[in-house]
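Participant: my questions concern the predicted model and sequence given below.
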Amino acid sequence: MALNGMEIYKMLPKKNCKECGFPTCLAFAMKLAQGGTQAEKCPYMSDEAKDKLAEATAPPMKTVTFGIGDRAYSLGGENVLFRHEKTFVNKPRFAVMFDDGENADDVAKKINHINAVNYTRISEEMYVEIAAFRCSSQDKQKFISLIKKVTSDCKKVVPMIISEDPDIASAAAEEFAALGPIIYGANEKNCEAMAGIASKHKLLLGVKAEDQAKLYDTVQKIQSMGFRELLLDGGGRSLKTAFDDAVNIRRTALLSKDRTFGYPTVAFVCDMTRDKMMEVAMAALFIEKYASIIVLSDMDYSMALPLFSLRQNIYTDPQRPMRIEQGIYRIGQADEKSPLLVTVDFALTYFIVSGEVERAKVPSWILIPDAGGYSVLTAWASGKLNAKSIAKAIKDFEVEGKLKTRELIIPGKVAVLKSDIEDELPGWKVIVGTREAAALPAFLKEYRQEKAS
Amino acid sequence: MAYKKPSQKFSGKIREVTVGSGLKLGGESVLPFYKFDGDTGAKPAVGMEIWDVFPESWPQSLKDIFGEYADDPVKWAKFCMEKYNPDFICIRFEGANPEGEDRSPEECARTAERLAGEVPVPLMIAGCDSDEKNAKIFVKIAEALPDKNYVFLSAVEANYKEVGAACGMAYGNIVSAESSVDLNLAKQLNILITQLGVKPEKMVMNPGCAAVGYGFEYVITTMDRIKLAALDQNDATLQMPIVSPVSFETWKVKESAASEEDMPEWGSQEERGIAMEIATAAGVLAAGSNAVILRHPKSVEIIRNFIDELL
Ligand code: B12
Ligand code: SF4
């Protein structure tokens, strides 16, 4: 349980020596209670006090890790139930389920999808992080050879080894330890052996029970063995029970401040439906509330596009909107006669627009005025994007000196700005572009052709 | 120590609003789908979007489904009813757009009247891109269909006086208050409309909507904050049920609109469109929408099952 400043103060040496960087022990204690400094900063505290403090000031939900090197990921560590309270920190990771009883064609199809879905959206690389493996054959060799095939064909995935048989789990863990796999399958009965395997290889351990109460007991049992790298599964396999698990495990950690459930959770969406589109709906729910690993039966582009975007949205820091620096950006080998487009300094908009200009393969310039960091219509409606701000950018970034063109393409959504901008910028002609950036490639190609003729 | 399941009890409650003669929206006193905490109120409703004019701009896959019927909104609505049984029909008067066909308020009212006579479920009446024109058509339609409890989407800052007075007061329908992704703006508009004299039980709201990936985080956060203010702080000015016009947003973004020739690696355009619509709908429902408007029959089926499985 958390301690307040006075309780912490009582445990300090009370030397007021300032070595911690604070004027008094009391000031240090107050800061520590808020999580603003670390207990180690005081060199004179007894070990016992330090342990007690570390326990009391630890975050309510543990951050755990899996994978290795550039494929090492953190899960958990969340402090709030709603993103407006602060921010969500560790985004959920997507897994695709493989089963060693599955036919080779299905396995091949999923491998192809995993390798195909790999793209960048607003500076974030999107791909499936985990391949989950279920051992339904109970045949160690068959299981291991499936994992081998998938992990060698899909270079990016970290395996999640699913088996409740410690013998199989141990053999697979041994074989793939170098990939930093997740071992899933600790239960009430086998948890000692499973925790042993996980701790031997320093792996994240998935714990499963029939319901939340049983999970709670099992976690306590594992914790008492001194093992704390856990991923929880309350056992719900209908949407309703799984949602109950995700919400209540998270609330137990954050509202009840009970660290027995202070770990991330996994949602096996692949077991809750046979319909791909239903998986999309369920996964969307679990991205918002509150799974840390979402296991799907597959991941093609139709699933990936909405799900990765939603995850990116929900896990951006609400206090720091993504903004892009103002200026004039060169796309491709643009020269002084290439088309000039204007957009806004909202990162999402800039990345979409520049992506489409690149796709058009028409070398161009993109001018970014000060638009308050807002989308086109938001910036326009709030008075940030107008003829004056655009004209100012033309001057500030010395566009007239750099380019010969005197035509400016504006977003279709702010067509109303055309005459204002022309008044503000004598000698310039304003061209109204498309409303959606997706139509830009066709528009730019046509525009270039017209210029040429 | 034994497990003690947490729960969040709130003093506030979302107002229950009856649309048409029996479609109930809202009434919950817990967070969305938190059945384990208490009363989740009426099941969120699922409606289908139709237009008063042929939807030329819709992706081909949708025109393949509706095209045969879409030259007449009554035919279109009946087809939806018979095949997909939505909880309500949302008719969007795209044809009223002054930059398009500029259909007159009288013509729109006639269409709405014909629909009301033929469609057994309640209607939601949506306008075009012009707030000014919408005020005019909404007044005429409400006048033609008094006391129907139909929902008018939407009253905005620029036209709430006309829309509120006609739809919400004089002719006994329901006003949807639409604001731009901000709790305070939503609150302010709700207050202005109630101060006009519209009763809160004749109101719903749309605090903004977007497709996943397109500013959607602001939508979710605004809805989270609205629901918490309504439930936890018992803020009566924010206790109106929320209607989210999901399909208005999701079918125009690139993921849904780009053809397969244009984006070969992305695969089926139809599946992309459905998945964008479904993810967006599930996303807003999880944040507290009490009704969603959709286009694709597959989305209607999935989202309905999704709701049923959770409640
Ligand atoms: C998220 C959002 C916000 C966020 C801002 C996020 C941000 N950083 O911009 C917040 C909550 C802060 C916000 C605030 C406001 N918002 Co706002 N917001 C939205 C929302 C939901 C999504 C916007 C978005 O992210 N779009 C995605 C981006 C990628 O779109 P985009 O920038 O337009 O870019 C596309 C195209 O324009 C095109 N494009 C872009 N550049 C170029 C360039 C060229 C050359 C071409 C050809 C094409 C092109 O490509 C892109 C993809 O197709 C929309 C509603 C909606 N669903 O769209 C309302 C919306 C834009 N907001 C609106 C309003 C009114 C406001 C406020 C002014 C409200 C107020 N009175 O306070 C405030 C202003 C801010 C302030 N306080 O000063 C209105 C605008 C109404 C109008 N038609 O003018 C909208 C449409 C909502 C509505 N229906 O009422 N908003
Ligand atoms: S270092 Fe320790 S003893 Fe010295 S002032 Fe800080 S808290 Fe007190």
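Facilitator: Okay, I see it. Ligands and ions are numbered 1, 2, ... in the order given.
Participant: B:Ser29 is in contact with B:Gly41, isn't it?
Facilitator: Yes. Between B:Ser29 and B:Gly41 there is a contact under CB atoms under 8 Å: 7.3 Å. To be clear about C-beta, it is placed using only N, CA and C from the backbone, and glycine gets the same treatment.
Participant: okay, and the common contacts of the two?
Facilitator: The contact sets of B:Ser29 and B:Gly41 overlap at B:Ile14 (CB atoms under 8 Å, 6 or more residues apart in numbering or on different chains).
Participant: show me which of the two is the more surrounded one.
Facilitator: B:Gly41 (21 against 18; other CB atoms under 10 Å in any protein chain shown).
Participant: who touches that one in this structure?
Facilitator: By CB under 8 Å, 6+ apart, the neighbours of B:Gly41 are B:14, B:16, B:24, B:26-29, B:290.
Participant: farthest pair in these?
Facilitator: Farthest pair in the contacts of B:Gly41 (CB to CB) is B:Lys24 and B:Ser29. Separation: 14.5 Å.
Participant: can you show me the helices along the stretch 101-250 of chain B?
Facilitator: Counting by DSSP state H, counting those that start in this stretch, the stretch 101-250 of chain B has helices at residues B:105-118, B:131-144, B:160-163, B:183-196, B:216-231, B:246-250.
Participant: contacting residues for A:Phe22?
Facilitator: A:28, A:31, A:37.
Participant: same question, A:Ser74
Facilitator: A:63-65, A:90.
Participant: part of a strand, is it?
Facilitator: Yes. Secondary structure assignment (DSSP: H, G, I helix; E, B strand; the rest coil) places A:Ser74 inside a strand.
Participant: so what's it bridging to?
Facilitator: Beta-bridge partners recorded for A:Ser74 (DSSP bridges): A:Thr65.
Participant: helix, strand or coil for A:Val247?
Facilitator: At A:Val247 the chain is in helix, as set by three-state DSSP.
Participant: the nearest residue to it once chain neighbours are set aside: how many residues sit nearby?
Facilitator: Using CB to CB, 6 or more residues apart in numbering or on different chains and skipping residues adjacent in sequence, the residue nearest A:Val247 is A:Lys289, 5.9 Å away. Residues lying near A:Lys289 (other CB under 10 Å) number 21.
Participant: next: the one 3 residues further on.
Facilitator: A count of nearby residues for A:Ser292, using other CB under 10 Å, gives 26.
Participant: which one is it nearest to, not counting chain neighbours?
Facilitator: A:Pro264 (3.3 Å).
Participant: got the contact list for the one you found?
Facilitator: A:61, A:64, A:75-76, A:90, A:231-232, A:291-293.
Participant: ok, so of those residues, who is nearest B:Ser256?
Facilitator: Among the contacts of A:Pro264, and counting by CB to CB, the member closest to B:Ser256 is A:Ala291, at 25.7 Å.
Participant: tell me how far that closest one lies from ligand 1.
Facilitator: According to CB to the nearest ligand atom, to the nearest Å, A:Ala291 and ligand 1 sit 25 Å apart.
Participant: show me what the closest residue to that residue other than its chain neighbours bridges to in the sheet.
Facilitator: Nearest residue to A:Ala291, sequence neighbours excluded (CB to CB, 6+ apart): A:Ala267, at 3.8 Å. In this entry, A:Ala267 is beta-bridged to A:Ile294, by DSSP bridges.
Participant: so A:Ala267 makes contact with A:Ile293?
Facilitator: Yes. If you go by CB under 8 Å, A:Ala267 and A:Ile293 touch, sitting 7.2 Å apart.
Participant: those two - which one has more neighbours?
Facilitator: More crowded of A:Ala267 and A:Ile293, by other CB under 10 Å: A:Ala267, with 31 against 27.
Participant: if we can go back for a sec, got a markdown table for the helices of the stretch 101-250 of chain B, with mean neighbour count, mean pLDDT and distance to ligand 2 too?
Facilitator: Shown next, in a markdown table, are the helices of the stretch 101-250 of chain B (neighbours: other CB atoms under 10 Å in any protein chain shown; pLDDT from 0 to 100; distance: least, CB to the nearest ligand atom, whole Å):
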| stretch | mean neighbour count | mean pLDDT | distance to ligand 2 |
| --- | --- | --- | --- |
| helix B:105-118 | 18 | 97 | 74 |
| helix B:131-144 | 22 | 97 | 62 |
| helix B:160-163 | 21 | 96 | 59 |
| helix B:183-196 | 18 | 97 | 42 |
| helix B:216-231 | 23 | 98 | 38 |
| helix B:246-250 | 27 | 98 | 55 |
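Participant: mind checking these for the one nearest to B:Met81?
Facilitator: Closest among the helices of the stretch 101-250 of chain B, using CB to CB: helix B:105-118, at 8.9 Å.
Participant: for ligand 1, give me its nearest residue in the stretch 151-300 of chain B.
Facilitator: At 2.5 Å from ligand 1, B:Gly215 is the closest residue in the stretch 151-300 of chain B, using CB to the nearest ligand atom.
Participant: what's the burial count for that residue?
Facilitator: If you count neighbours by other CB under 10 Å, B:Gly215 ends up with 22.
Participant: tell me who's in contact with it.
Facilitator: Counting by CB under 8 Å, 6+ apart, B:Gly215 has contacts A:313, A:348, A:375, A:378, B:181.
Participant: ok, of the residues you listed, which one's closest to B:Pro55?
Facilitator: Distances from B:Pro55 to these, taken by CB to CB, are shortest for A:Ser375, at 25.3 Å.
Participant: any idea how far A:Val157 is from the closest one?
Facilitator: Relative to A:Val157, A:Ser375 is positioned 35 Å away (CB to CB, to the nearest Å).
Participant: what about the two, which has more around it?
Facilitator: The neighbour comparison of A:Ser375 against A:Val157 (other CB under 10 Å) goes to A:Val157, with 25 against 22.
Participant: enumerate every residue touching the nearest residue to that one once chain neighbours are set aside.
Facilitator: Leaving aside its sequence neighbours, A:Val157 sits nearest to A:Ala131 (CB to CB, 6+ apart; 4.1 Å). By CB under 8 Å, 6+ apart, A:Ala131 lies in contact with A:95-96, A:98, A:114, A:147, A:150-151, A:154, A:157-160.
Participant: which SS state does the residue in the stretch 251-400 of chain A positioned nearest to ligand 2 fall under?
Facilitator: Per CB to the nearest ligand atom, A:Lys257 is where the stretch 251-400 of chain A lies closest to ligand 2, at 25.1 Å. The assignment at A:Lys257 comes out as coil when based on three-state DSSP.
Participant: next up, phi/psi of it, please.
Facilitator: Note on A:Lys257: backbone dihedrals following degrees, to the nearest 10 are phi 50, psi 40.
Participant: just give the nearest non-adjacent residue to it, would you?
Facilitator: Nearest one to A:Lys257, counting by CB to CB, 6+ apart, is A:Pro60 at 5.5 Å.
Participant: my guess is the one you found contacts A:Arg259, does it?
Facilitator: Yes. With contact defined as CB under 8 Å, A:Pro60 and A:Arg259 form a contacting pair (6.6 Å).
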